[in-house]
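Peer 1: Below is the sequence, then the predicted model.
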Amino acid sequence: MHTTASDGTLSPLALLTGAAAAGLTVVSVTDHDTVAGLAEARRAAAPLGLRLINGIEITAVENERDVHILGYFIDAGNQALVAFLERQREDRVRRVREMAARLRTLGFAIDEDALIESAAVTSGRSIGRPQIATALVAAGHARDRSDAFARLLGNGSPAFVPRQGCSPEQVIGLIAGAGGLASLAHPGLTRVDALVPRLIVAGLAALEARHSDHDAKTERHYRDLAARHGLAVSGGSDFHGDSGYRVASLGVVSLPPEDLAALEARLR
Ligand code: AMP
Ligand code: MN
């Protein structure tokens with residue numbers, strides 16, 4: 001699940017409070033390219049009776065397409081990981097600047113300074129297209145975030161700027177180096193099944209078979225693919241807060257305990 005440390009709308013405390021109220025018992029905060037939300041989540045978890053698993057969702061790049069890699073059970077203080085994430089966030093700021101410049105040229109100016117300030121290095125916050133989309137809506141240039149993505153921000157759209165990122169293999173190596181388990185995020189959306197054998201060589205532990213945007217057939221497909229390759233499965237809501245995006249999934253889309261146990265067994 002995501003918090004205000006990346007593109008979620010709830011603080012870590014508010015998120016975990018909602019998760020506990022929804023009946024969850026084990027949760028993971030997996031913000032994009034940052035572990036900045038984990039300390040507050042850790043403080044919030046025990047009093048709410050929740051077990052928190054450290055998490056992250058790192059954006060890798062393969063053939064100019066984003067491939068999101070989840071890392072669970074990571075050591076959030078791992079030096080190599082922390083340094084890598086700082087570079088990822090710097091590149092996100094560069095990209096936001098470039099996209100804002102393009103938008104201005106196209107006649108859709110946004111207040112990017114406030115956005116970029118919110119992602120100061122010390123904050124650990126990561127920014128990207130979702131926050132640009134919100135700014136476009138606020139400036140009256142788009143009806144809603146989906147409209148902003150469809151007309152301006154999506155891959156190949158006029159304001160789209162490609163990312164400069166690492167390969168999924170490098171990201172998987174970093175997660176493993178930080179003591180974590182890497183899982184291919186929402187493969188039903190990313191559609192990179194052909195990559196899986198290569199990712200396994202790099203140390204992939206799991207496929208995110210269960211996800212808010214996966215129907216039963218898609219989940220079955222990825223459970224089967226994981227089983228064929230001897231991988232575990234991970235899963236969750238990918239909840240981003242109360243903005244309406246996957247809002248109904250909190251506490252509804254979750255991972256069966258036996259899947260979590262099988263995933264966790266790979267730590268030993
Ligand atoms: P970025 O990492 O800055 O390129 O932004 C990608 C993120 O934007 C994804 O992780 C999604 O959460 C979000 N996103 C992608 N497509 C859409 C869309 N059509 N509407 C709303 N959010 C989207
Ligand atoms: Mn994702």
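Peer 2: Done, it's in. Ligands and ions are numbered 1, 2, ... in the order given.
Peer 1: any idea which element residue 9 lies in?
Peer 2: Element membership of residue 9, judged by DSSP states H and E, is empty: it is in no helix or strand.
Peer 1: and what of residue 24?
Peer 2: Using DSSP H and E, residue 24 falls within no helix or strand.
Peer 1: now do residue 59
Peer 2: Assigned by DSSP H and E, residue 59 belongs to strand 51-62.
Peer 1: In PDB, list the C-alpha atoms belonging to that strand.
Peer 2: Output of strand 51-62 as PDB, limited to C-alpha atoms (Å, rounded to 0.1, in the frame of the first residue of the first chain):
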ATOM      1  CA  ARG A  51       2.300  -6.600  11.900                       C
ATOM      2  CA  LEU A  52       4.200  -4.400   9.400                       C
ATOM      3  CA  ILE A  53       6.400  -5.900   6.800                       C
ATOM      4  CA  ASN A  54       9.000  -3.400   5.400                       C
ATOM      5  CA  GLY A  55       8.300  -2.900   1.700                       C
ATOM      6  CA  ILE A  56       9.100  -0.900  -1.400                       C
ATOM      7  CA  GLU A  57       8.000  -0.700  -5.000                       C
ATOM      8  CA  ILE A  58      11.000   0.200  -7.300                       C
ATOM      9  CA  THR A  59      10.600   1.400 -10.900                       C
ATOM     10  CA  ALA A  60      12.900  -0.400 -13.200                       C
ATOM     11  CA  VAL A  61      13.100   0.100 -17.000                       C
ATOM     12  CA  GLU A  62      13.000  -2.500 -19.700                       C
END
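Peer 1: near ligand 1, anything from that strand?
Peer 2: Yes. Against ligand 1, strand 51-62 shows contacts by Cβ under 6 Å from any ligand atom at residue 59. C-betas here are computed from N, CA, C, even on glycine.
Peer 1: Which residues are in contact with the one residue in the stretch 1-150 of the chain that gets nearest to ligand 2?
Peer 2: Minimum separation of the stretch 1-150 of the chain from ligand 2 (Cβ to the ion) falls at residue 68, amounting to 3.8 Å. When contacts are counted by Cβ atoms under 8 Å, 6 or more residues apart in numbering, residue 68 touches 32, 57-60, 184-186, 190.
Peer 1: which non-adjacent residue is nearest it?
Peer 2: residue 185 (3.8 Å; Cβ to Cβ, 6 or more residues apart in numbering).
Peer 1: next one: phi and psi at the one you found?
Peer 2: Dihedral pair for residue 185: phi -70, psi 140, per degrees, to the nearest 10.
Peer 1: That one and residue 70 touch, don't they?
Peer 2: Yes. Contact criterion Cβ atoms under 8 Å: residue 185 and residue 70 qualify, at 4.9 Å.
Peer 1: Summarise which helices and strands the helix or strand harbouring residue 148 is packed against.
Peer 2: Assigned by DSSP H and E, residue 148 falls within helix 145-148. Judged by 3 or more Cβ pairs under 8 Å, 6 or more residues apart in numbering; DSSP states H and E, the packing partners of helix 145-148 are helix 129-138.
Peer 1: and the helix it packs on with ligand 1, contact?
Peer 2: Yes. Contact of helix 129-138 with ligand 1 (Cβ under 6 Å from any ligand atom) involves 129-130.
Peer 1: who in this protein is up against ligand 1?
Peer 2: Proximity of the chain to ligand 1, by Cβ under 6 Å from any ligand atom, involves residues 7, 59, 128-130, 145-146, 149.
Peer 1: and these, which two are the farthest apart?
Peer 2: For those, the farthest-apart pair by Cβ to Cβ is 59 and 146; their separation is 19.9 Å.
Peer 1: Between the two, which has more neighbouring residues?
Peer 2: Ranked by neighbour count (other Cβ atoms under 10 Å), residue 59 and residue 146 place residue 59 first, with 21 against 13.
Peer 1: Find the nearest non-adjacent residue to the more buried one, please.
Peer 2: residue 66 is the one closest to residue 59 (Cβ to Cβ, 6+ apart), at 5.3 Å.
Peer 1: The helix or strand just after the helix holding residue 148 to strand 51-62, inter-axis angle?
Peer 2: Sequence order places helix 168-177 as the next helix or strand after helix 145-148, per DSSP H and E. Between helix 168-177 and strand 51-62, the angle comes out at 150 degrees (axes from the mean of the first three to the mean of the last three Cα atoms, to 10 degrees).
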